[in-house]
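Undergrad: I need the structure of the sequence given here:
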Amino acid sequence: MNRPETESVRILYIENDPGLARFVARDLQARGHTIEHAIDGAAGLARLAEGGIDLVALDHHMAGHTGLDILPRIRELAEPPPVIYVTGSEDSRVAVAALKAGAVDYVWKDVQGHFRELLAEAVDTALENERLRRAQARAERETREARDRAEALLREVNHRVANSLALVASLVAMQQRAVAALQDPVAAIDALIETQNRITAIAQVHRRLY
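TA: Take a look at the predicted model:
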């Protein structure tokens, strides 16, 4: 979702520990972001369905499911926000699975809480990458639209050129018949000059079209 530059980024943190979520929110708010907290995957998906979320920080361990169960459902959204996967598991396979499922980054949640700073940095990086991705997509879309307009104009010009050339052929044929019936060479020259003037007029029309 595009936002005015003066509006803060809105981040959804899906985490089953409200106390930890408050610490993370404090750190991210210090960087000018707006933080919302969802207690589990269901609540997070419901909030995402409402729209207006720019980035998701998704925790791995939750009651009854893991973030890996929720991540594919986030990616199925019409315009899914980037997801940073937060895991306390030291099993590297969890991080690999999250990245394969569509997470843009992952942060290991250490017990000392140092991960909060790493998460804040990952958020800033992910937001910048998303901004660049959207800018590239917008530029590519504008390029395609400009190309389509140019092709449509070219087809129109080609159509008009074909019609005009058919008209010129008809005029020349008509003048040819008129000249053949004339005995006066001056009149024949005048007829050819008239044909030349008509061709010149058509050429001027095409210059305006181009």
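Undergrad: Under a three-state scheme, what state does the residue sitting nearest the centre point of the chain occupy?
TA: Most central in the chain under Cα atoms, centre = their mean is A137, positioned 3.3 Å from the mean C-alpha point. Reducing the assignment at A137 to three states with DSSP: H, G, I helix; E, B strand; the rest coil gives helix.
Undergrad: just the strands in the chain please.
TA: Along the chain, counting by DSSP state E, strands occupy 10-14, 34-38, 55-59, 61-62, 65-66, 83-87, 105-108.
Undergrad: Relative to the last one, what are the paired strands and their orientations?
TA: It stands for strand 105-108. Within its sheet, strand 105-108 is paired with strand 83-87 (parallel), according to DSSP bridges.
Undergrad: now the partner strand and strand 55-59, what's the angle there?
TA: Put simply, strand 83-87 runs at 20 degrees to strand 55-59, going by axes from the mean of the first three to the mean of the last three Cα atoms, to 10 degrees.
Undergrad: Show me what strand 83-87 is in contact with.
TA: Strand 83-87 is touched from outside by 15, 55-61, 67, 71, 74-75, 94-95, 98-99, 102-109, 115, 119, 122-123, 126, with contacts defined as Cβ atoms under 8 Å, 6 or more residues apart in numbering. Every C-beta, even on glycine, is put in place using the N, C-alpha and C of the backbone.
Undergrad: Out of the residues you listed, which end up buried?
TA: Neighbour counting by 16 or more other Cβ atoms under 10 Å classes 15, 55-61, 67, 71, 74, 94-95, 98, 103-109, 115, 119, 122-123, 126 among the contacts of strand 83-87 as buried.
Undergrad: remind me which residues of this structure are low pLDDT?
TA: Low-confidence segments of the chain, defined by pLDDT under 70: 1-7, 182-183, 210.
Undergrad: which residue ranges form the helices in it?
TA: Counting by DSSP state H, the chain has helices at residues 18-29, 41-50, 67-75, 92-100, 115-180, 185-209.
Undergrad: what about the last one, distance to the chain center?
TA: In this case it means helix 185-209. Here helix 185-209 is found 50 Å from its chain centre; the criterion is Cα atoms, centre = their mean, to the nearest Å.
Undergrad: Kindly report the same for the longest one.
TA: In terms of Cα atoms, centre = their mean, the gap separating the centre of helix 115-180 from the centre of its chain is 16 Å.
Undergrad: and that helix with strand 55-59, angle?
TA: Compare the direction of helix 115-180 with that of strand 55-59 by the same axes, to 10 degrees and you get 140 degrees.
Undergrad: Show me what helix 115-180 is packed against.
TA: Packing partners of helix 115-180 (3 or more Cβ pairs under 8 Å, 6 or more residues apart in numbering; DSSP states H and E): helix 18-29, strand 55-59, strand 83-87, strand 105-108, helix 185-209.
Undergrad: TSV for the ones you listed, including distance to R47?
TA: Listed next are those as TSV, based on distance: least, Cβ to Cβ, whole Å:
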stretch	distance to R47
helix 18-29	13
strand 55-59	9
strand 83-87	14
strand 105-108	21
helix 185-209	54
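Undergrad: Which one, of these, ends up nearest to G41?
TA: strand 55-59 (8.2 Å; Cβ to Cβ).
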